[in-house]
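J.: how would this look folded up:
(one chain, ligands or ions: 1)
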Amino acid sequence: MINSRPPDKMISKVIRNVPFLQFPNLEPFNAIRHAVFTRQGGFSTGTFQNLNISYGIGDKDTDVQKNRELIARCLKSDRLVFIRQVHGKDVLVLKNGKSENNTALFSKTPPVADALVTDIAGLHLVIQVADCQPLLLYDPVQNVIANVHSGWRGSVLNIIGSVVEIMAQRFGCQAQNMIAGVGPSLGPCCAEFVNFRKELPESFWKFQTGHNRFDFWEISKNQLIEAGVFETNISLSRICTPCNTNLFYSYRREKVTGRFAAVIGLKIKSDED
Ligand SMILES: [Zn+2]
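T.: Alright, predicted model coming up:
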C-alpha cells in the first residue's frame, strides 16, 4: 500500500511575484494571515540574494528595508514586529489594552526575545530564519497567535513549552485548541552534533537518526505534544534548509547568508481575504 504522507505538504502561493509557503492546517483559518517566505523575490544581491529581511549581517540596509516593505505589502500590513533573536527563551507578550511592551515595538533596536505572542489584530509577528526552526501557533478559540524561534538551543531550553504555557496563563488558551506549524529548518539529514553528549540532554538522544544526527522536527513535535497540543494539529514542513539553499538561507551551509521570514498575524476585522 502506498503511504500517503503529504498532509504535511506546504501550500505554495505567489503574491506580487513573491513566492511563499503556507501550512495546510493554518491555511483554512480566515482570521489569520501567515506566510513562510523563501529567499526569492527580493532586492538583495550577492550572497544575500534575494529576500533577506535581517539587518546587521552584512547586507545593504537599503535592500533589507525594501525587502521588509515588500513582505509587508504581500501581507497587507504596515505593522511587522521584529525581535532581536538570541537563542534564549524570553517571550515578548503583546496584549490588547496593555501598553507594557507595545511602545518599544517599532524602535530601531527591537526587544531581545525568541518568541512573540499576541492577541492584537493587525500586528504581524516575524521570525528571521536560516536553519533554526520557525514555529507558528494559533489558538482559534481565544484568537491568539505566536511565532517562535527555536534552534537547537531553543529546543534544549524548551521555548516551545514556555510559549504554550504563556498562552494559557496570559490569554486563557487551551493547548488542545492550538494549531502548530514547524517551518523549513535544519533537517535530520544535516543536523550533525558531534558533541551531542555535551550539548543535548539525554532525553533527546532517542531522536538520533544516524551517526551523530538528530531529528529536531520530531523533538519539537514531541515538545508540543508534551505541552498538550494534539498530534493531529501539528504540521511539520520537513523541508531542510541546508539541502535547499536555492530556496532558503542556511547558516550552516553558507555561513555568510541572509535570513528569510516566517510571519503570522491576526487580521483586523475589516480586512478582506
Ligand atoms: Zn538536509
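
J.: quick check: which ranges of the stretch 101-250 of the chain have low pLDDT?
T.: In the predicted model of the stretch 101-250 of the chain, residues 101-108 satisfy pLDDT under 70.

J.: could you rerun that using 90?
T.: Applying pLDDT under 90 to the stretch 101-250 of the chain picks out residues 101-110.

J.: residues of it that sit close to the ion?
T.: 187, 189-190, 240, 242-243 (Cβ under 5 Å from the ion). All C-beta spots, glycine's among them, are computed from the backbone N, C-alpha and C.

J.: buried subset of the residues you listed?
T.: 187, 190, 240, 242-243 (16 or more other Cβ atoms under 10 Å).

J.: need those in TSV (columns: secondary structure).
T.: Listed next are those as TSV, based on DSSP: H, G, I helix; E, B strand; the rest coil:
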residue	secondary structure
Gly187	coil
Cys190	coil
Cys240	strand
Pro242	helix
Cys243	helix
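
J.: can you tell me which of these comes closest to Ser203?
T.: Gly187 (20.3 Å; Cβ to Cβ).

J.: which residues does that closest one contact?
T.: Contacts here follow Cβ atoms under 8 Å, 6 or more residues apart in numbering; on that basis Gly187 touches 215, 217, 238-243.

J.: okay, now the residue lying closest to Gln133 once chain neighbours are set aside: neighbour count?
T.: Nearest residue to Gln133 in three dimensions, chain neighbours excluded: Ser185, at 4.1 Å (Cβ to Cβ, 6 or more residues apart in numbering). Neighbours of Ser185 under the rule other Cβ atoms under 10 Å: 29.

J.: also the one 10 residues further on?
T.: Other residues near Asn195 come to 8 when the count uses other Cβ under 10 Å.

J.: phi, psi of it?
T.: When read as degrees, to the nearest 10, the backbone of Asn195 gives phi -100, psi 30.

J.: quick check: the gap between it and Cys240.
T.: 21 Å (Cβ to Cβ, to the nearest Å).
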